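**Student:** model this:
(2 chains)
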Amino acid sequence: MMAFPYEHEREVRILSRGWGDPRTRTLEGWKALGGYQALEKALRMPRGEVIDEVKASGLRGRGGAGFPTGVKWSFMPKEKTGPQYLCCNADESEPGTFKDRELLRWTPHQLIEGCLIAAHAMQADHVFIYCRGEFFEAVQVLARAVEEAYEAGLIGKDILGSGIDIELTVHSGAGAYICGEETALMNSLEGRRGLPRIKPPFPAAVGAFGRPTTINNVETLCAIPHIVQHGGAWYREQGTEKSSGTKLFCVSGHVVRPGNYELPLGFPLKDLIYDVCGGLRPGRSLKAVIPGGSSVPILNAAECEDCTLDYEGVVEAGSMLGCASVIIMDDTTDIVKQVRRMVDFYAHESCGQCTPCREGTQWMARILRRIEEGRGTEEDMDTLLDLGDQMTGTTICVLSDSAAAPVASSIAKFRDDYLALIRRGERVGAA
Amino acid sequence: MSDHTKASGPTPFRNPGWAGNTGNFDLSEAQVRGDDFVGVRPPDGGHPSGAASYPYMKADKAPDAPLFEGPYRERFEKILTRYPETRAALLPTLNLAQELRGHISPDTMREVAVLLDLPEAYVRGVTSFYTMYNKKPVGRFLIQVCTNISCNLCGGDEVLAAFLKHTGTELGATSSDGDFTVMEVECLAACGTPTAVQINSRYYENVTPDGVPAILERLRARGE
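**Tutor:** Residues are numbered from 1 along each chain as shown, chains lettered A, B, ... in the order given. Got it, this is the predicted structure:
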C-alpha cells in the first residue's frame, strides 16, 4: 500500500485526510469520504446560521493574520445590492509554505465545497480561486475537479435544486508574491499590476470589481465543510481555547523528515522537531527556527524550548505563527547569508509603490551583501536596524515590515555571527 | 519500493523529483502529479471555468503564430465570458499568448492591447510587473531553480550551479542548442522537498546536484 511521505501517528488528519490517495481527487472519491454532504446541509441552513457555526468553531484565517473567519464573513453586507464575490487566496508563495499546493492537488473537491458553502453564507455570486501562476499541475487538477462539479450540478445555476446560483472560476496569476496580499490579489484579478490598496475601504465594502468581496485562504476554506458537517463545537475539540482546530504545519530545512503535518494548534515546537519530523540530522544541534514563514522574527534555540504552536504561544516566544511554515536551521547555518537571501526576496517582490519598502529592501540587501562578503562595519548593523524601524508601519501593506523582521531579530539574536564576519571575515556555519 | 522510484532514465536515478523521496512512496508519477485524473485536455480548453485560463509552458513554441486562431481563439473567447470586466481577462490572455509564443514581446503586448481594447502602455505596465512573463525568448526548457531559504538551507545554490554546469549556460542565458535557459526563482511552495525546480510546467522536487544530468537526459528524451 502506498504511504504518503508526510504521516505521523500524532497527526489529526482532517484536512489532509485523503492526501496521497489519488481517488480522493475525483468527485466519486470525495463523495465516498462523505464529501458534499456539508454543502447540502449548508444550502438548507439559513445563511446566518452557517456564519454562526463558523464563528462558534473559532476558526481563524490560515493565511497568516489569524483573523476569526466567521467575524470576517459577517462584515459582508446584510442586504445585497448587486454582485458580491468570494476570492480564494491560492497564491501561496511565502517562503517556507507549501500546504495549499497539496490541498489543491490532492483534495480539490474539499476546497470547492468550502468555497461554495462560504459563497452561500455570504451571498457571493461568483467565486474566484486565485492560484499562483507556477502551480500549473495543481491548477489542472483543480480545474478538472471544477469541471466535474459543474457537470454534477454542484456549481452553476440552481445548485442541488436549492435555487442558489454560484459560479466558480479558476484564475492563474503570473508570478508575484505580493498578490498574496488580499487587496493586491484583487487588483491582479482585475487585470492590473498587483499593487496593494489603501484600506479603508475594506474589501467587504469595496472589493474586487468595486463590489463587496471576502478573501479567504485555501486552508481556511478547506476547513469549512468539516465545521458545517460536524459543528463548531466539534472543531473546538482540537487545539487551544483561543486557537482552535488543526493546522497544517509546513516543516522545511534541517530536519530528517520535512513535510506537511496536520496537528492540533498548541502542539509543542520541540515535539514537532524531534518527534514528528524525526529530529535534526545526526550530530547537529538546533540553531534557529523561523516558526511562521520568512516574514516573522527568527527564534533562537532557547526561545524554542517551551514554545507551543498556537497563535498566542508563538507570540509569547517572540515571533508569530503566520501560516505555520516552520523553517528549521541547525548549527551549520550561515545566518547572515540566509537573512540576506530572504531580504533579496523581498527586494525582488516589493511592488515599488511605497518608498520605504522599494528603497529600504534594496538598501538592506546591499548592506547585508557587503557584510556577507566581509566588507561590513559594526556601524552597518545600526544602519540596518535604523532602516528596519523606518520600514515598519510606514507602508500600505506589510511586505516592508516582513523584510525588516528577520533582519532585526537576527541582529538581536545572532549578533556574534555578524561580528565574526565584520571583525574577522569568518563565516559561521558552512551550509 | 517500486520500480518507478528507482529509475526514470538511462542512468540509475532514485530521485525522479516528483514526490517526497522517502523511499516508501509507491504511487506512479502520473498519480502524484494528477495526470491520470486530468487526462488529456481538450484543445478548446474544456469548460470555461478554468480550463481556458491556466497557462502552460511548452517546449515547442510558435513565436510568429497569430493571436488567436483555431482552438486558441476558442479558449480566448471562453476567457472573456468569465469576468465582469474585460480588463480582468488580461492576465489569462497574456498566459495564453505566452503558452503559444513562448514569450511576450512588445509586438505581442500591442496585439493583446488591441484584442482587449486596452492602452498598449497599460498592457506593458502589467506585463512588466509579473515575473512569469518572459520578456525575451527562452530555450525549449525553462529551468527555474529555487534558491530561497528552505531550498537554500538544503543546497539550492549547488543545484543551480549543477544546472549551469551541465547545460553549459550562464544564468539567464540560453544554451547554444536552444534547449535550456536556467534561471534562479523565488520560493515555488515546495519547501518540504528541496531543492524544488520548475521546468516548463513541471515541478521537480528533491533535486540534488547529482540528479541533474538524469533530469536533463529525461528532458531531451521525453520532452518534459
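**Student:** mind checking how far stretch A:134-148 is from the chain centre?
**Tutor:** Taking C-alpha atoms, centre = their mean, to the nearest Å, one finds stretch A:134-148 lying 20 Å from the centre of the chain it belongs to.
**Student:** which sections of chain A are below the confidence cut-off?
**Tutor:** Low-confidence regions of chain A, defined by pLDDT under 70, span residues A:1-6, A:430-431.
**Student:** Pick out the residue closest to the middle of it.
**Tutor:** By C-alpha atoms, centre = their mean, chain A has its centre lying nearest to residue A:63, at 3.4 Å.
**Student:** what about stretch B:86-103 and chain A, touching?
**Tutor:** Yes. With C-beta under 8 Å from any C-beta of the partner chain as the threshold, stretch B:86-103 lies in contact with chain A, specifically through B:87-92, B:94-95. (Each C-beta comes from the backbone N, C-alpha and C, glycine too.)
**Student:** Check the offset of that stretch from the chain's centre.
**Tutor:** On C-alpha atoms, centre = their mean, the centre of stretch B:86-103 falls 14 Å from that of its chain.
**Student:** Alpha carbons of it, as PDB, please.
**Tutor:** Presented in PDB, the C-alpha positions along stretch B:86-103 are these (Å, rounded to 0.1, in the frame of the first residue of the first chain):
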ATOM      1  CA  THR B  86     -12.800  42.700 -19.900                       C
ATOM      2  CA  ARG B  87      -9.700  44.100 -18.200                       C
ATOM      3  CA  ALA B  88      -9.700  41.000 -15.900                       C
ATOM      4  CA  ALA B  89      -9.100  38.800 -19.000                       C
ATOM      5  CA  LEU B  90      -5.600  40.500 -19.400                       C
ATOM      6  CA  LEU B  91      -3.600  38.000 -17.300                       C
ATOM      7  CA  PRO B  92      -5.300  34.900 -18.700                       C
ATOM      8  CA  THR B  93      -4.800  36.300 -22.300                       C
ATOM      9  CA  LEU B  94      -1.100  37.000 -21.700                       C
ATOM     10  CA  ASN B  95      -0.800  33.500 -20.300                       C
ATOM     11  CA  LEU B  96      -2.400  32.100 -23.400                       C
ATOM     12  CA  ALA B  97      -0.100  34.200 -25.600                       C
ATOM     13  CA  GLN B  98       2.900  33.000 -23.700                       C
ATOM     14  CA  GLU B  99       1.800  29.400 -24.000                       C
ATOM     15  CA  LEU B 100       1.600  29.800 -27.700                       C
ATOM     16  CA  ARG B 101       4.600  32.100 -28.500                       C
ATOM     17  CA  GLY B 102       6.900  31.300 -25.600                       C
ATOM     18  CA  HIS B 103       7.500  34.900 -24.600                       C
END
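**Student:** Chain B: strands as residue ranges?
**Tutor:** Across chain B, reading from the start of the chain, the strands by DSSP state E fall at B:141-146, B:180-185, B:197-199, B:202-204.
**Student:** and these as a markdown table, adding mean pLDDT?
**Tutor:** Below are the strands of chain B laid out as a markdown table (pLDDT from 0 to 100):
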| stretch | mean pLDDT |
| --- | --- |
| strand B:141-146 | 97 |
| strand B:180-185 | 97 |
| strand B:197-199 | 95 |
| strand B:202-204 | 91 |
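**Student:** out of those, which comes closest to residue A:113?
**Tutor:** If you check each of those against residue A:113 by C-beta to C-beta, strand B:202-204 wins as the nearest, at 25.7 Å.
**Student:** What is that closest one packed up against?
**Tutor:** Under the contact criterion of 3 or more C-beta pairs under 8 Å, 6 or more residues apart in numbering or on different chains; DSSP states H and E, strand B:202-204 touches helix A:136-151, strand B:197-199.
**Student:** Direction included, what does that strand pair up with?
**Tutor:** Pairing partners of strand B:202-204, with direction, according to DSSP bridges: strand B:197-199 (antiparallel).
**Student:** Show residues contacting the strand it pairs with.
**Tutor:** The list of residues contacting strand B:197-199 from outside it, by C-beta atoms under 8 Å, 6 or more residues apart in numbering or on different chains, reads A:134, B:17, B:141-146, B:159, B:163, B:185, B:188, B:203-205, B:207, B:215, B:219, B:224.
**Student:** Could you identify the buried members of those?
**Tutor:** A:134, B:17, B:141-146, B:159, B:163, B:185, B:188, B:203-205, B:207, B:215, B:219 (16 or more other C-beta atoms under 10 Å in any protein chain shown).
**Student:** any chance you could map the strands in chain A?
**Tutor:** Per DSSP E, chain A has strands spanning A:85-90, A:126-131, A:167-172, A:213-217, A:246-253, A:259-264, A:267-268, A:286-290, A:299-300, A:308-309, A:325-330. These are given in chain order.
**Student:** possible to save the ones you listed as CSV with distance to chain B?
**Tutor:** Formatted as CSV, the entries for these read as follows, by distance: least, C-beta to the nearest C-beta, whole Å:
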stretch, distance to chain B
strand A:85-90, 9
strand A:126-131, 8
strand A:167-172, 3
strand A:213-217, 12
strand A:246-253, 4
strand A:259-264, 4
strand A:267-268, 17
strand A:286-290, 8
strand A:299-300, 15
strand A:308-309, 17
strand A:325-330, 6
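**Student:** Dump these into JSON lines; add distance to residue B:198 and mean neighbour count as well.
**Tutor:** Below are the strands of chain A laid out as JSON lines (distance: least, C-beta to C-beta, whole Å; neighbours: other C-beta atoms under 10 Å in any protein chain shown):
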{"stretch": "strand A:85-90", "distance to residue B:198": "17", "mean neighbour count": "28"}
{"stretch": "strand A:126-131", "distance to residue B:198": "14", "mean neighbour count": "26"}
{"stretch": "strand A:167-172", "distance to residue B:198": "14", "mean neighbour count": "24"}
{"stretch": "strand A:213-217", "distance to residue B:198": "23", "mean neighbour count": "26"}
{"stretch": "strand A:246-253", "distance to residue B:198": "17", "mean neighbour count": "27"}
{"stretch": "strand A:259-264", "distance to residue B:198": "19", "mean neighbour count": "24"}
{"stretch": "strand A:267-268", "distance to residue B:198": "32", "mean neighbour count": "21"}
{"stretch": "strand A:286-290", "distance to residue B:198": "23", "mean neighbour count": "25"}
{"stretch": "strand A:299-300", "distance to residue B:198": "30", "mean neighbour count": "22"}
{"stretch": "strand A:308-309", "distance to residue B:198": "30", "mean neighbour count": "23"}
{"stretch": "strand A:325-330", "distance to residue B:198": "19", "mean neighbour count": "27"}
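**Student:** JSON lines for these, including distance to residue B:76?
**Tutor:** Written out in JSON lines, the entries for those read as follows (distance: least, C-beta to C-beta, whole Å):
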{"stretch": "strand A:85-90", "distance to residue B:76": "23"}
{"stretch": "strand A:126-131", "distance to residue B:76": "19"}
{"stretch": "strand A:167-172", "distance to residue B:76": "15"}
{"stretch": "strand A:213-217", "distance to residue B:76": "26"}
{"stretch": "strand A:246-253", "distance to residue B:76": "37"}
{"stretch": "strand A:259-264", "distance to residue B:76": "37"}
{"stretch": "strand A:267-268", "distance to residue B:76": "48"}
{"stretch": "strand A:286-290", "distance to residue B:76": "43"}
{"stretch": "strand A:299-300", "distance to residue B:76": "49"}
{"stretch": "strand A:308-309", "distance to residue B:76": "46"}
{"stretch": "strand A:325-330", "distance to residue B:76": "37"}
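**Student:** so where's the longest helix in chain A?
**Tutor:** Of all segments of type helix in chain A, defined using DSSP state H, the longest is helix A:355-372.
**Student:** buried set for that helix?
**Tutor:** In terms of neighbour count (16+ other C-beta under 10 Å), helix A:355-372 has its buried residues at A:356-357, A:359-362, A:364-365, A:367-372.
**Student:** From these, pick the one nearest residue A:215.
**Tutor:** Looking across these and measuring by C-beta to C-beta, the closest to residue A:215 is residue A:357, at 21.2 Å.
**Student:** ok, the nearest residue to the closest one once chain neighbours are set aside to residue A:419 distance?
**Tutor:** If you skip the residues right next to it in sequence, residue A:357 has residue A:400 as its closest partner in space, 3.6 Å away by C-beta to C-beta, 6 or more residues apart in numbering or on different chains. From residue A:400 over to residue A:419 the distance is 26 Å, taken as C-beta to C-beta, to the nearest Å.
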